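Asker: kindly return the folded structure for what I paste below:
(2 chains)
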Amino acid sequence: DQQVKQNSPSLSVQEGRISILNCDYTNSMFDYFLWYKKYPAEGPTFLISISSIKDKNEDGRFTVFLNKSAKHLSLHIVPSQPGDSAVYFCAALAQKLVFGQGTRLTINP
Amino acid sequence: DTEVTQTPKHLVMGMTNKKSLKCEQHMGHRAMYWYKQKAKKPPELMFVYSYEKLSINESVPSRFSPECPNSSLLNLHLHALQPEDSALYLCASSLGRGYEKLFFGSGTQLSVL
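Answerer: Numbers count the residues shown, from 1 in each chain, chains lettered A, B, ... in the order given. Here you go, the predicted structure:
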């Protein structure tokens, strides 16, 4: 049972444009959501998070939106840069952290 | 120091070997984790230590044996592994259990022959 789903395995965006990565969850007990970024041969790196009591959190070029009624969150990156090319994991916390399958983002020059 | 250090980076072992993976952090974190990640899959939780005590074991086979000698160190002892155990093994730490921000190491890429 996949409690956290990232339905797009890959996404390709032109440099300078907006990248939008999506994540859906099924467990209403999740109360904290995070995005991690992973480069090859490295561990995941924390990017940004949001508490379930908020609907938006912004940090520089990165904004996370949470729609609790739809059990959906998204990560917006604007403007996208070549260094943003990586695999992005959505994760949700209840008793433990549960990861989505990941979305491979490629930023094209 | 905001690093979680894992050694070795790569490990090849036979099914009869005994080996250990090591993880170290000096951030004063009191929760440490072992995750397993197969190719193109998300990290899967294996074990959680909180204040040096095992608090979560996600029904991991006994051929994997975790150990937390002190608050800075976490080991994973491997014995009689199977080829399907080949994966990237990630260590992580957080301030405490329930603190959502995990710091991950770079992982140990394990191949079981």
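
Asker: quick one: low-confidence ranges for chain B?
Answerer: For chain B, applying pLDDT under 70 flags the ranges B:1-2, B:98-99.

Asker: quick check, central residue of it?
Answerer: Residue closest to the mean C-alpha point of chain B, counted by C-alpha atoms, centre = their mean, is residue B:34 at 3.1 Å.

Asker: where do the strands sit along chain B?
Answerer: Assigned by DSSP state E, chain B shows strands spanning B:4-7, B:10-13, B:18-25, B:31-37, B:44-50, B:53-57, B:64-70, B:73-79, B:87-94, B:103-104, B:108-112.

Asker: for residue A:52, which of the ones you listed is the nearest?
Answerer: strand B:87-94 (18.4 Å; C-beta to C-beta). The C-beta positions use only the backbone N, C-alpha and C, and glycine is treated the same way.

Asker: that closest one near chain A at all?
Answerer: Yes: using C-beta under 8 Å from any C-beta of the partner chain, we find that strand B:87-94 touches chain A at B:90, B:92.

Asker: who in chain A is up against chain B?
Answerer: A:4, A:32, A:34, A:36, A:41-46, A:49, A:89, A:93, A:96-97, A:99-102.

Asker: just the buried ones from the residues you listed?
Answerer: Neighbour counting with 16 or more other C-beta atoms under 10 Å in any protein chain shown marks A:4, A:32, A:34, A:36, A:43-44, A:49, A:89, A:93, A:97, A:99-102 as buried within the residues of chain A next to chain B.

Asker: for the nearest residue to residue B:33 once chain neighbours are set aside, what are its contacts?
Answerer: In this structure, residue B:33 finds its nearest non-sequential neighbour in residue B:92, 4.3 Å apart by C-beta to C-beta, 6 or more residues apart in numbering or on different chains. By C-beta atoms under 8 Å, 6 or more residues apart in numbering or on different chains, the contact set of residue B:92 is A:43, B:4, B:32-33, B:35, B:102-105.
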